[in-house]
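Enquirer: Model the following, please.
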Amino acid sequence: MQCVRNRQRHRAIHASLLGLALSLLCACVGYYSGRGDSAAERGDWDAAFEAYLSAVQRAPEDEALKSKLEQARTEAARMHREAGLRARQERRPHDAVKELEASLAYLDDESTRVELEAALVERQRADAEKAVVDATIAEKERDLGTAREQYERARELNPELAPSVNGKLASVVERIERAEEIAQQAAKLLDQGDLEKARQRAEQALEIHVKEPTAITVRGEIKAEREASAFEREARNAETFSNYALAVDRARRAQATRATEKRSELVESLEQQAFRFYKREGDRAMDRKLWLDAVDAYGLARTYGPDPRALQQEIVQARYEIELDSGDFSLRQGDVAGALAHYEQAYAYRPSRSLERRIRELRASSAQTPR
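Expert: Sure thing, here's the model as predicted:
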């Protein structure tokens, strides 16, 4: 009996769920059907078709919905076809192609296909005419590369334009080649170091063809060369006054702005001089027991040396002396804890038995001192 009751309960639940699903499906169908009716009333046949299609997909056996869907398909095709024909009459071939293609997407109609083929030809002719206009504008602006591309495009799109375009195209190509020739002369002058004549030639080429690539490159190189030369002069002037930090900085900037073998050699030479100069400054500071100055000078020297570990021993020695002197000063001031900290740091830099013994003695005395 229990099994029979369970089966009956399951059948009831299944029937309820099925009824709920059917109710939801009907609601969805009604929703999309209503949207389609509203769109049809206002003449929006694209929206009507999409809505009726959604409804039919949910209720494929509903003949009334199928009829509405076919009506929307026919009306949408007619609507787009008429729009395409108007666009052709108004000489808007791009819009005409778009509308006629939309019409054929709804209904494959032979007369519409004929209209589309004619619109495609008109669009191609319109594109060719626009290319001629664009080429003419580019030519006036001395953008000869664009002018050549557009004249060639116009001729390709509409071969009937060839007689009127060929002469203009030949003139543009001739000027491009002339500009290239002058730009190559500018490049040679730049290599020879004659910046002013190179600049004049580059500007002459750009007067003919505003986007001549070699001339643009030469002009940029001239600007870079002048900036680099200014940095180089500053570097040599700083070298005269033994300001090697500034000299090296300016030499490096000159090389980064426009690299040459000569500038690379200058950077290397100034770095070597800077290393030797600041090392001597560090040695003098050590002789005079100016430990902080020695650390600074050795640190500067190391930035210009070939090995970042260079002068490490000298720097450690100077720091050792700083800690040792600071420990002695703290001890004279009665600051045992401070002295001990400095001595321990000095020992870390350079261990020695005498310093180890001093540290032990301070620790012992510190421990015996009453708080």
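Enquirer: Quick one: residues contacting residue 62.
Expert: Contact partners of residue 62, counting by Cβ atoms under 8 Å, 6 or more residues apart in numbering, are 29, 55, 56. Bear in mind the C-beta positions are built from the backbone N, C-alpha and C, glycine included.
Enquirer: In a markdown table: those residues, plus secondary structure.
Expert: Converted to a markdown table, the contacts of residue 62 look like this (DSSP: H, G, I helix; E, B strand; the rest coil):
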| residue | secondary structure |
| --- | --- |
| 29 | helix |
| 55 | helix |
| 56 | helix |
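Enquirer: If you rank those by neighbours, which is first?
Expert: Compared across the contacts of residue 62, residue 55 has the highest neighbour count, 25 neighbours, by other Cβ atoms under 10 Å.
Enquirer: For that one, which non-adjacent residue is spatially closest?
Expert: residue 32 (3.8 Å; Cβ to Cβ, 6 or more residues apart in numbering).
Enquirer: where does residue 141 fall, phi/psi-wise?
Expert: Main-chain torsions, residue 141, degrees, to the nearest 10: phi -90, psi 0.
Enquirer: Touching, it and residue 209? I think so.
Expert: No: using Cβ atoms under 8 Å as the test, residue 141 is too far from residue 209 to be in contact (10.6 Å).
Enquirer: Compare those two (neighbour count), which wins?
Expert: Between residue 141 and residue 209, counted using other Cβ under 10 Å, the more crowded position is residue 209 (24 against 12).
Enquirer: on that earlier part again, out of the contacts of residue 62, which one sits closest to residue 294?
Expert: Of all the contacts of residue 62, residue 55 has the smallest distance to residue 294: 91.4 Å, by Cβ to Cβ.
Enquirer: Isn't the closest one up against residue 37?
Expert: No: using Cβ under 8 Å, residue 55 is not in contact with residue 37; the gap is 10.0 Å.
Enquirer: which regions of the chain lie under the pLDDT threshold?
Expert: Along the chain, the model assigns pLDDT under 70 to residues 1-27, 368-371.
Enquirer: still on that earlier bit, could you report the neighbour count for the residue nearest to residue 55?
Expert: 20.
Enquirer: can you check residue 33 too?
Expert: That count, for residue 33 with other Cβ under 10 Å as the rule, works out to 21.
Enquirer: In terms of helices and strands, where is the residue nearest to residue 55?
Expert: helix 2-41 (DSSP states H and E).
Enquirer: Check residue 360 too.
Expert: Going by DSSP H and E, residue 360 is part of helix 353-368.
Enquirer: Show me what counts as buried in that helix.
Expert: Using 16 or more other Cβ atoms under 10 Å as the test for burial, helix 353-368 gives 355, 358, 359, 362.
Enquirer: correct me, but the second one touches residue 343?
Expert: Yes: under the criterion of Cβ under 8 Å, residue 358 lies in contact with residue 343, with a separation of 6.1 Å.
Enquirer: nearest spatial neighbour of residue 139, skipping sequence neighbours?
Expert: residue 147 (4.2 Å).
Enquirer: give the contact list for the one you found.
Expert: Contacts of residue 147 by Cβ under 8 Å, 6+ apart are 135, 136, 138, 139, 172.
Enquirer: If we use 6 Å, what do you get?
Expert: Going by Cβ atoms under 6 Å, 6 or more residues apart in numbering, residue 147 touches 135, 138, 139, 172.
Enquirer: Go ahead and report the secondary structure state at the last one.
Expert: Right, residue 172. Strictly by three-state DSSP, residue 172 counts as helix.
Enquirer: Start at 195, not 1
Expert: New numbering, starting at 195: the last item is residue 366.
Enquirer: Tell me the spacing between it and residue 373.
Expert: Separation of residue 366 from residue 373 (Cβ to Cβ, to the nearest Å): 11 Å.
Enquirer: can you check the second one too?
Expert: Here residue 332 is placed at a distance of 14 Å from residue 373 (Cβ to Cβ).
Enquirer: higher neighbour count, these two?
Expert: Using other Cβ under 10 Å as the criterion, residue 332 and residue 373 rank with residue 373 on top: 25 against 21.
Enquirer: Torsion angles phi and psi at that one?
Expert: phi -60, psi -40.
Enquirer: Hmm, it is touching residue 399, no?
Expert: Yes: checked against Cβ atoms under 6 Å, the pair residue 373 and residue 399 is within contact range at 4.5 Å.
Enquirer: Now for the two: what residues contact both?
Expert: residue 406.
Enquirer: From the chain's centroid, how far away is the helix holding residue 554?
Expert: Taking the mean of its C-alpha atoms, helix 547-562 sits 63 Å from the chain's own mean (Cα atoms, centre = their mean, to the nearest Å).
Enquirer: tell me what it is packed against?
Expert: helix 530-543 (3 or more Cβ pairs under 6 Å, 6 or more residues apart in numbering; DSSP states H and E).
Enquirer: Contacts for the helix it packs on, please.
Expert: For helix 530-543, using Cβ under 6 Å, 6+ apart, the contacting residues are 510, 513-514, 517-518, 520-521, 524-525, 549, 553, 556, 560.
Enquirer: repeat that for 10 Å
Expert: With Cβ atoms under 10 Å, 6 or more residues apart in numbering as the test, helix 530-543 has contacts from 509-527, 529, 546, 549-550, 552-553, 555-557, 559-560, 563.
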